[in-house]
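Student: from the sequence below, what's the structure:
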Amino acid sequence: MTDLRTITVLVVDDSALMRNMVGDIVKATPGLKLVGSAKNGLEAIEQVRQLSPDVVTMDIEMPKMDGLQALARLMTDSPVATVMLSAHAKEGAESTLLALELGAVDFVTKPSGSISLDIDKVREELVEKIRMAAGVDLAKLRPGSNQRPPQAALEGKISTGIMRTLAIGSSTGGTRALAEILPKLPREINAALLLVQHMPVGFTKSLAERLDNRSKIRIREAQEGDVLERGLALLAPAGYHMELSPSGDRITLNQDPPRFGVRPSVDVMMESVALYSPAETVGVILTGMGHDGANGVAGMKKRGGHIIAEDRSTCVVYGMPKAAVETGAVDEVLPLDQIPGAIVRACR
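Tutor: All right, here's what the predicted structure looks like:
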């Protein structure tokens, strides 16, 4: 996929109005071409086979076959880069997270529910994610594509020394990466964990709950004043920056302006960890678009932190890790399946 090639798009939604509105956005955007539309999952599967689009925009709630069922079939039989269109509701959040696990590249939240007459509000985001999706390696999106036997490094004695502060940042593809890493960490890991995953408002609580249900460590959406604890991971709530307090033992939340267009920001979190952590620190940058986290890992490294970045070979989008590596602050560049072991070693 090159920047000069026209990106072909199939729009899937059970609402004729939404198909037309999303289709109009595609048709009005230079470099994108609308090649077809479908009103349910069954039609989508047939259209993908006939038209071979570069990208599919997929609604979730549809008759006959919903978007999740269609996505699962497509990723098995006819893999295609897919951007989901999701509702704000809790049920929509859970379905969207499942879609990401099934192999969707990313998602865009409909501004006002299933029939969003104001879909133009997310025009820029939708176009950006369609363009980004067209360039991903589909092999990395198949369910279980990064699953390998647990690493031996996860076994053995866990340190009971001074608790480390572990900061992890991710964006596009990050929900799947976190689902690969966090369940492999031992309950007794010698670290308090701070997590930033770029997501819209309304999704981080569901993500924390899903990850918690699968992991030995505890994971929850952060709240103002939460105290750092060994084996507890605090996920920054969407719409809030999360920082380590000057006391170094708890987190604070704020709605200061977005940093480089994102809030929460990995940089904001990691810079505070570099400044205020009373113990040794470990920073991890996972798959994601852009360069959030690059300044943060540089700051952590200057103060003695150990930095890990995900290798290009397993990244859905090699943006954030690439920017981190280019700072010269990264100690280890590893494929996803080797990162849990590296984290445990660094936290001993």
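Student: what ranges of the stretch 151-300 of the chain fall below the confidence cut-off?
Tutor: 151-161 (pLDDT under 70).
Student: pull the contacting residues for Leu275.
Tutor: If you count contacts by C-beta atoms under 8 Å, 6 or more residues apart in numbering, Leu275 has them with Leu244, Pro246, Gly299, Arg303. C-beta here means a position set from N, CA and C on the backbone, and glycine is covered the same way.
Student: of those, which belong to helices?
Tutor: The helices, defined by DSSP state H, take in Gly299 from those.
Student: by neighbours, which of the contacts of Leu275 wins?
Tutor: Taking other C-beta atoms under 10 Å as the neighbour criterion, Leu244 ranks highest of those with 26 neighbours.
Student: that one is in contact with Ser272, isn't it?
Tutor: Yes. With contact defined as C-beta atoms under 8 Å, Leu244 counts as touching Ser272 (4.3 Å).
Student: for the contacts of Leu275, give me CSV that also has distance to Ala329.
Tutor: CSV is the format used below for the contacts of Leu275 (distance: C-beta to C-beta, whole Å):
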residue, distance to Ala329
Leu244, 18
Pro246, 23
Gly299, 9
Arg303, 11
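Student: between the contacts of Leu275, which is closest to Ala323?
Tutor: Of all the contacts of Leu275, Gly299 has the smallest distance to Ala323: 13.9 Å, by C-beta to C-beta.
Student: about what we covered before: from the contacts of Leu275, which is closest to Leu100?
Tutor: Of all the contacts of Leu275, Leu100 sits closest to Leu244, with 28.0 Å by C-beta to C-beta.
Student: run through the residues that contact that closest one.
Tutor: Taking C-beta under 8 Å, 6+ apart, we find Leu244 in contact with Thr165, Leu194, Leu228, Arg250, Ile251, Thr252, Met269, Ser272, Val273, Leu275, Tyr276, Ser277.
Student: ranges for the strands of the stretch 151-300 of the chain?
Tutor: Remark: strands assigned in the stretch 151-300 of the chain by DSSP state E, counting those that start in this stretch are 164-170, 191-197, 218-221, 232-235, 241-244, 251-254, 281-285.
Student: of all these, which lies closest to Pro111?
Tutor: For Pro111, the closest of the strands of the stretch 151-300 of the chain is strand 191-197, at 21.3 Å, according to C-beta to C-beta.
Student: run the chain-centre distance for the closest one.
Tutor: Relative to the mean C-alpha coordinate of its chain, strand 191-197 is positioned 14 Å out (C-alpha atoms, centre = their mean, to the nearest Å).
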